[in-house]
Structures are given as C-alpha cells and as structure tokens.
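>>> got a predicted structure plus its sequence, pasted below:
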Amino acid sequence: QAIRKLLHKMRAPPNEHMKRGTRLEPVARQMFVEELRSELRSEHPEWTVECVEDGLCVVDDPDMYCFGYSPDGRVIITDRATGKVTQQLLEIKAPAKGFYPQIPPSYMAQMQMGMELLRQIFDPDGFTLCYFVQIHDGAIKTEVVKYNKHYTEHMMTELARLWIKEFIPRVLLKKAGYIRGTDIFPY
C-alpha cells in the first residue's frame, strides 16, 4: 500500500486521529520529561534530562538514503558528575479509545527502525531504549522498549529489498510509460 501511495502520489489529508496526535504530542512530551526528571532526581540528582525534536533524520550513507525517521524526541540524559551522555528515543501515540493493552506490531517496528537509524546518525552506542508514551484523557502511560538488533537487522534487510526490487523498478517503469494506474499491483 505504501508503494501504491508513493507511485500515485496519493496524499491523504490529516484525519481526526492525526490531528489529535499532533495536538497532544507536545503535552505528552512535556508530561513525560517532567515525570522522568522526577523519577531520576531521587536516585541520581546529578543527572539532567532534556528532550530534543529533530524533524526528519536521514542516514548519511548512499545505501540507506531510502530510510528516514522523524522521532517524536531524542531523550538526552547527562550525568553532570562524569559528563557521560546517554541518548534514547521517545515515541508518542494518542489513542482515541484508551491506552493500548500491548504495543501494536506496527509501532514496535517503527520504534526499532527509529532506534537503528538514530544509532547510525547520532550515537552507535546509544538508543538502546525507546520510551513509548501514550496520552489519553490527560494521563500518560510510559513503556520502555529495548533495542532488538536481530529483529531490526532482519526488518532493515527486508525494507531495503522492497525498495530495490519493488519500488524503484516500478517507479522507473511508470515514468517510462510502461505501466499505468493500479495495474502494476496484480496481487
């Protein structure tokens, strides 16, 4: 479906779910940072917490240019006593009907890809965790997801294959006029 949308340049306008997420994301980010600061302050008063918004991040590697990621935040924890800096990923969702009982697989894939790309862009030893924050009815729920190297390597290999074997050839054939409409997707 993603290939079909890109090939046909179909852009859906933001729906109500997307609008709610955009509206609540800054609120959830601030609530999360305050909660994490409070939690860490009791055990590690010398640590500081900040959250940085980067926009679209793309790996500086020609073999990876097809991948980009827009993190909801990079959580930067600094130990003022030692100068050590740790970076983690923040992913925020605003479900309409209450907190997810478990993280949906598509969000798990999104977070694993985000951690992998941010490791390549910012810090190869960082991004070992992703804070999955949900906001609903003015409350947040935070879950910690660990980086899974095996899962992520498999996913990135398959995504690269999809890009090279499926997307690029179809774009070239469409631009050359050999395929039109949705006939390029017989399955």
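Yep, it's here. Numbering: from 1, shown residues only.

>>> what's the longest helix seen in the chain packed up against?
For the chain, the helix that runs over the most residues, judged by DSSP state H, is helix 16-43. Helix 16-43 sits against strand 47-52, strand 73-79, strand 85-93, strand 129-136, strand 139-146, with contacts defined as 3 or more Cβ pairs under 8 Å, 6 or more residues apart in numbering; DSSP states H and E. (Glycine included, C-beta is placed from N, CA and C.)

>>> Throw the ones you listed into a markdown table and include mean pLDDT and distance to Phe32, thanks.
Conversion of the helices and strands packed on helix 16-43 to a markdown table gives the following (pLDDT from 0 to 100; distance: least, Cβ to Cβ, whole Å):
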| stretch | mean pLDDT | distance to Phe32 |
| --- | --- | --- |
| strand 47-52 | 96 | 8 |
| strand 73-79 | 97 | 8 |
| strand 85-93 | 97 | 7 |
| strand 129-136 | 97 | 5 |
| strand 139-146 | 98 | 6 |
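
>>> can you say which of the ones you listed is nearest to Lys174?
strand 85-93 (33.2 Å; Cβ to Cβ).

>>> may I see the buried residues of the following helix or strand past that closest one?
Scanning forward in sequence from strand 85-93, with DSSP states H and E defining helices and strands, the next element found is helix 105-121. Residues of helix 105-121 classed as buried under the neighbour-count rule (16 or more other Cβ atoms under 10 Å) are 107-108, 110-121.

>>> got the contact list for helix 105-121?
Under the contact criterion Cβ atoms under 8 Å, 6 or more residues apart in numbering, helix 105-121 has outside partners 57-61, 64, 67-69, 71, 74, 87, 89, 91, 93, 125-130, 132, 145, 147-148, 151-152, 155-156, 159.

>>> now the angle from it to strand 129-136?
Our comparison of helix 105-121 with strand 129-136, counting by axes from the mean of the first three to the mean of the last three Cα atoms, to 10 degrees, yields an angle of 140 degrees.

>>> centre of the chain to helix 105-121, how far?
Relative to the chain's own centre, helix 105-121 is displaced by 5 Å; criterion: Cα atoms, centre = their mean, to the nearest Å.

>>> now that helix against strand 139-146, angle please.
Going by the same axes, to 10 degrees, helix 105-121 makes 60 degrees with strand 139-146.

>>> the chain should start at 3 in everything you say after this.
Fine by me, first position is 3 from now on; the one you just mentioned is helix 107-123.

>>> C-alpha coordinates for helix 107-123, PDB please?
Written as PDB, here are the backbone C-alpha positions of helix 107-123 (Å, rounded to 0.1, in the frame of the first residue of the first chain):
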ATOM      1  CA  PRO A 107       3.400  -4.600  15.900                       C
ATOM      2  CA  SER A 108       3.500  -1.700  13.500                       C
ATOM      3  CA  TYR A 109       4.500   0.700  16.400                       C
ATOM      4  CA  MET A 110       7.100  -1.900  17.500                       C
ATOM      5  CA  ALA A 111       8.600  -1.900  14.000                       C
ATOM      6  CA  GLN A 112       8.600   1.900  13.900                       C
ATOM      7  CA  MET A 113      10.400   2.200  17.200                       C
ATOM      8  CA  GLN A 114      13.000  -0.500  16.300                       C
ATOM      9  CA  MET A 115      13.700   1.200  13.000                       C
ATOM     10  CA  GLY A 116      13.900   4.600  14.700                       C
ATOM     11  CA  MET A 117      16.500   3.300  17.200                       C
ATOM     12  CA  GLU A 118      18.500   1.700  14.400                       C
ATOM     13  CA  LEU A 119      18.600   4.900  12.300                       C
ATOM     14  CA  LEU A 120      19.300   7.200  15.200                       C
ATOM     15  CA  ARG A 121      22.200   4.900  16.300                       C
ATOM     16  CA  GLN A 122      23.700   5.400  12.800                       C
ATOM     17  CA  ILE A 123      23.100   9.100  12.800                       C
END
